[in-house]
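>>> this one's sequence-less:
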């Protein structure tokens, strides 16, 4: 069971558009039907108009069985190429949408218009999985079927099989080790194709060919990389590349083997579409609940329970990802990875807000949160780089404050030295405080007159080192000898500088409150050039 709105959101990724009747989006879909010749008793909330010759026929069929919505897949252009979804071209795309909306309004049926490039088998697989099964996801039972499929393909083709996603991460593999090689073993153990093999395939144009053709591609053996021959075929949904199937073989398979591989790729596409569609729903639900916690929810305890997390203190982790020139794609990859796997097997729950990935984890030592960040980095492509900040342990009702702490630690990490560990607020609160003070100083909220601004101007005009001397003296708690060692001067030099500073501006270093105020002001300008 699923609402029409959520079905449209998921199918939208495959070029499906809802034409008109927006008020039906909240309607629940509990059943699916396909028209059959001679059967007048077909019923269903959603009708798959397989075999309909026109949109008009499809809508009339749906109205006849009292369906709420109908999914229509128009025929491709006469030239064989499918029109781009939602693109008018010669007017056909937009005209079809207008026709569908008008017919839907007339007969009281919501019309979902599909991209002709996506097959009925793929559309049906997604729809049935969402409406009838709903909870079977990539984080649930879906991948188990892929292992069985890999075994079946290996038996038919006669070689070990691996199924990979579009980023060369292993989704499933066959048990057969016949004709296996070191490269396959390394790939399975690492759960992804090693970088050197990806570079080899890139150089040989394998990925480029998989991106443009549905025909199997043969990869010759490479003994230096522990690689016997491979036959690879793209797994595609319409125009979108979902992944690939790889078979270890010393030479290209015969025609029967090639057909089996192509058929297997289509079956894999169905599995991936269903699991990804359902996983998208799971991610949406999880994301919505996490956002409620981060923004402050009156029923936070109930939300935590729905997320399957313990009623205890949590940490908020804020993450940004980038590849140098591209941030959004890397961030989506990080979010996908953070939400992959059984819900109960993942320590945290995640959401995307703006350009930041937020994850809440049961509170523990800061190093445990850093290990989570390191594990996330390890699962991403080598060119993706993460910056992260970790909030202090917080009660469920305090998670909005934990989010602010994580944001500030993230900013600290992004501005810090390369390779530094992600800061945690409970370990870096002093750096965060000083960062806040510097921000206040830069916005003009710190006093513009007084001892420190006066000494800064004097140093700039006369080349003196009064500010550095005052800082060293305060940090040495008034110990002239220690301050002189820090400055690498004689103690008398420090004494003379302090005397001259008192002549320029009243310091009153005997007053503890003024010493504290001077220390804060100096900290606020510490990262300014020349200070």
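Nice, thanks for sending it over. As the structure is a computational prediction, the values presented were derived from the model and not from experiment.

>>> what's residue 72 sitting at in phi/psi?
Torsion angles at residue 72 (phi, psi; degrees, to the nearest 10) stand at phi -120, psi 140.

>>> which ones are touching residue 267?
residue 149 (CB atoms under 8 Å, 6 or more residues apart in numbering). Every residue, glycine included, has its C-beta placed from N, CA and C.

>>> Which strand or helix spans it?
Per DSSP states H and E: residue 267 is located in helix 255-295.

>>> try residue 214
With secondary structure defined by DSSP H and E, residue 214 is part of neither a helix nor a strand.

>>> try residue 321
Per DSSP H and E: residue 321 is located in strand 314-322.

>>> by how many degrees do that strand and helix 255-295 diverge?
Interaxial angle of strand 314-322 relative to helix 255-295 (axes from the mean of the first three to the mean of the last three CA atoms, to 10 degrees): 130 degrees.

>>> Any buried residues in stretch 350-369, and which?
By neighbour count on 16 or more other CB atoms under 10 Å, the buried set for stretch 350-369 is 350-352, 356-361, 363-364, 366, 369.

>>> For residue 164, which residues are in contact?
170, 171, 193, 243, 244, 245, 246.

>>> how far away is the nearest residue to residue 239 once chain neighbours are set aside from residue 263?
Leaving aside its sequence neighbours, residue 239 sits nearest to residue 117 (CB to CB, 6 or more residues apart in numbering; 5.4 Å). From residue 117 across to residue 263, the span is 19 Å (CB to CB, to the nearest Å).

>>> More neighbours: which of these two?
Using other CB atoms under 10 Å, the more surrounded residue of residue 117 and residue 263 is residue 117, with 20 against 13.

>>> Quick one: classify that one as helix, strand or coil.
coil (DSSP: H, G, I helix; E, B strand; the rest coil).

>>> Would you list the phi and psi of it?
According to degrees, to the nearest 10, residue 117 has phi -70, psi -20.

>>> from memory it sits against residue 238, does it?
Yes - taking contacts as CB atoms under 8 Å, residue 117 lies within contact range of residue 238: 3.7 Å.

>>> Tell me which helix or strand comes right after the strand holding residue 321.
helix 328-338.

>>> Can you list the buried residues in that next one?
For helix 328-338, burial by neighbour count (16+ other CB under 10 Å) applies to 330, 331, 333, 334, 335, 336, 337, 338.

>>> which of those residues lies closest to residue 31?
residue 336 (30.8 Å; CB to CB).

>>> So residue 209: helix, strand or coil?
helix.

>>> What is the burial count for it?
Residue 209 has 16 nearby residues by other CB under 10 Å.

>>> Next, the contact list for it, please.
Residue 209 neighbours (CB under 8 Å, 6+ apart): residue 217.

>>> Look at the closest residue in space to residue 173 that isn't next to it in sequence and say how many residues are nearby.
Leaving aside its sequence neighbours, residue 173 sits nearest to residue 162 (CB to CB, 6+ apart; 4.5 Å). Residues contacting residue 162 under the criterion other CB under 10 Å number 23.

>>> Quick check: phi and psi on residue 243?
Dihedral pair for residue 243: phi 170, psi -150, per degrees, to the nearest 10.

>>> picking up where we left off before, now the residue nearest to residue 173: how far from residue 248?
From residue 162 to residue 248 the distance is 8 Å (CB to CB).

>>> Overlap of the contact sets of those two?
With CB under 8 Å, 6+ apart, residue 162 and residue 248 have common neighbours residue 184.

>>> any weak-confidence spans in the stretch 351-500 of the chain?
Along the stretch 351-500 of the chain, the parts satisfying pLDDT under 70 run over 441-449.
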